[in-house]
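Engineer: All I have is the shape, not the residue letters:
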């Protein structure tokens with residue numbers, strides 16, 4: 001089972017979802033702005049991705065600056081609290097597969113964790129062509 005934490009207004013998120021589908025998988029799509037993760041789930045995702053909370057923060061089009069989140073004083077726990085209060089602060093898309101979890105920026109980062117990354121040729125919304133890669137045992 002594959003899950004994508006998705007924002008349909010985001011081109012990178014749409015491209016990632018399309019790549020997953022081109023790999024012959026139909027993921028569980030979680031539109032995280034309408035259905036945000038719980039604190040426990042967000043902590044699990046961060047751990048699975050192996051990144052601190054700060055690396056999951058989105059700056060553009062969010063209250064990042066207004067909240068002063070660039071200040072290094074914020075702990076991971078506090079940053080997670082901010083993301084839960086303002087889900088738009090959670091960068092996207094996040095894909096979770098049996099092979100791991102990844103913040104898919106750029107969208108082709110999803111190929112590293114797809115069970116079948118050999119998706120052939122894929123053209124992103126901006127016209128960039130991505131070639132899938134054969135799975136390695």
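Structural biologist: Looks like it came in fine. All values derive from a computational prediction rather than experimental measurement. Numbers count the residues shown, from 1 in each chain.
Engineer: and residue 99, how far is that from residue 23?
Structural biologist: Distance, residue 99 to residue 23, using CB to CB, to the nearest Å: 12 Å. For every residue, glycine as well, the C-beta is placed using N, CA and C.
Engineer: residues bridging contact with those two, i.e. touching both?
Structural biologist: Listed as contacting both residue 99 and residue 23 by CB atoms under 8 Å, 6 or more residues apart in numbering are 114-115.
Engineer: higher neighbour count, the two?
Structural biologist: Shown here are residue 99 and residue 23; by other CB atoms under 10 Å, residue 23 has more neighbours (22 against 14).
Engineer: In contact with that one: list those residues for me.
Structural biologist: Each residue near residue 23 by CB under 8 Å, 6+ apart is listed here: 114-119, 132.
Engineer: if we go to 7 Å?
Structural biologist: By CB atoms under 7 Å, 6 or more residues apart in numbering, the contact list for residue 23 reads 114, 116-117, 119.
Engineer: likewise residue 90?
Structural biologist: For residue 90, the contacting residues are 32, 56, 58, 83, by CB under 7 Å, 6+ apart.
Engineer: List the beta-bridge partners for residue 6.
Structural biologist: Beta-bridge partners for residue 6, by DSSP bridges, are residue 31.
Engineer: Which members of the contacts of residue 90 are positioned in helices?
Structural biologist: residue 83 (DSSP state H).
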